[in-house]
Every structure is written in C-alpha cells, then in structure tokens.
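Visitor: here are the coordinates; sequence isn't available:
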Ligand SMILES: [Mg+2]
C-alpha cells in the first residue's frame, strides 16, 4: 500500500465530532493528565530497564505527585472523595481476591466487572445525602424548641428516617 492510499483509507474511521457538553472540563483535563503523567512514570522504568540506570526514585515520587494532582482534579469536579474511592476499591478487591491474588481469580473477576464499584458509588451517594438531610432536619428541630407542633413531629420523622438509612448502609458495607 502506498502512503496516499493509507491516508485516504485511514480517514474513513476518523470521527471529527467532539462532544464537549458531555463532560466537565476539569474531569476531562484530569483524565488526560493522569494518562500523560503515567507515561512519564513509565519513563522511569524504561531508563532503568533499557539504559541500565538506577531507578530515579525522586522522579518516581514527582510523577506520583503529578498523577495525584490530576486525580484530585477529577475527584473535586465530580464531588467525590478519596476516602469513598479507596473504600470501593478495597471492597471490589475483597470480592475479586477473597484470600490473595491468584491468576485464576484475576481471570474469573468475581466482582462482576465493576458492578460492586457501582453499588459502592450509589451507597456513598445516598450516605452523603442522608448526612446532609440529618444536619438540615436537626437545625430546624433545634430552632423550634418551643414549638410542639406537627411540623416539628414531621421533621423528627425525617431525621429518624435518614439516621436509619445510615445505619442500614453501615450494615450493608459490613456484608460486602
Ligand atoms: Mg510529570
């Protein structure tokens, strides 16, 4: 094949559309940034493996810091926390590798390809919502100390319901 034909043929599968409305700029920046910094991190391994240099741990630390910066950008933009992602990751790995890493478990993927991560994400989302509602209801109850009315009763029910959901979440997390 000549280069002219290749340029024409390869253009057939090029998609010129860009859907910027579908993703937050910070998230996109973070995703691309993690990938580019991972390439720089890989460079440290390349130099050690193929140029026979000792691995430059100062450089490794710097690149890990850069990756962390981009991860933080995504987490911040999406309103997540490092803590919930760590929890979800460990929960997934406990299912995938009940005892320790084995290639058999790696192949079987008992965590059903991310389903548990999705569940973990949902649970954390509901947990956050409950915590917000509890604070909101408690604030209103505190401001109505002299009011024995129906509204205060409703607010107490709202508060109790969200506390119970939080308890349920803790039980569910313990089972995962
Ligand atoms: Mg870097």
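Guide: Thanks, I have the structure now. Just so it is clear, the model here is predicted, and its values are computed rather than measured.
Visitor: mind pulling up the pLDDT for residue 96?
Guide: At residue 96, the model reports a pLDDT of 89.
Visitor: ignore what I typed, I meant residue 40.
Guide: Reported pLDDT for residue 40: 97.
Visitor: same deal with residue 115?
Guide: At residue 115, pLDDT is 61.
Visitor: how about the contacts made by the residue in the chain positioned nearest to the ion?
Guide: Using C-beta to the ion, the single residue of the chain nearest to the ion is residue 66, 3.8 Å away. For every residue, glycine as well, the C-beta is placed using N, CA and C. Residues near residue 66 by C-beta atoms under 8 Å, 6 or more residues apart in numbering: 33, 37, 40.
Visitor: just name the closest of those residues to residue 3, please.
Guide: Closest to residue 3 out of these is residue 40 (31.5 Å), distances taken as C-beta to C-beta.
Visitor: not counting sequence-adjacent ones, nearest residue to the closest one?
Guide: Computed as C-beta to C-beta, 6 or more residues apart in numbering, the closest residue to residue 40 that is not its neighbour in sequence is residue 63, at 4.9 Å.
Visitor: what number of residues lie near residue 73?
Guide: 20 (other C-beta atoms under 10 Å).
Visitor: same question, residue 165
Guide: Neighbour tally, residue 165, other C-beta under 10 Å: 15.
Visitor: thought it was touching residue 128?
Guide: No: Residue 165 sits out of contact with residue 128 when judged by C-beta atoms under 8 Å, with a separation of 11.5 Å.
Visitor: next, count neighbours for residue 93.
Guide: 14.
Visitor: what strand or helix carries it?
Guide: helix 82-96 (DSSP states H and E).
Visitor: what comes up buried for that helix?
Guide: 84-85, 87-88, 91-92, 96 (16 or more other C-beta atoms under 10 Å).
Visitor: counting contacts, what elements does that helix pack onto?
Guide: helix 57-78, helix 115-142 (3 or more C-beta pairs under 8 Å, 6 or more residues apart in numbering; DSSP states H and E).
Visitor: least reliable of those helices by average pLDDT, please.
Guide: helix 115-142 - the lowest mean pLDDT of the helices and strands packed on helix 82-96, at a mean of 80.
Visitor: tell me what angle it forms with helix 82-96.
Guide: Calculated by axes from the mean of the first three to the mean of the last three C-alpha atoms, to 10 degrees, helix 115-142 forms an angle of 140 degrees with helix 82-96.
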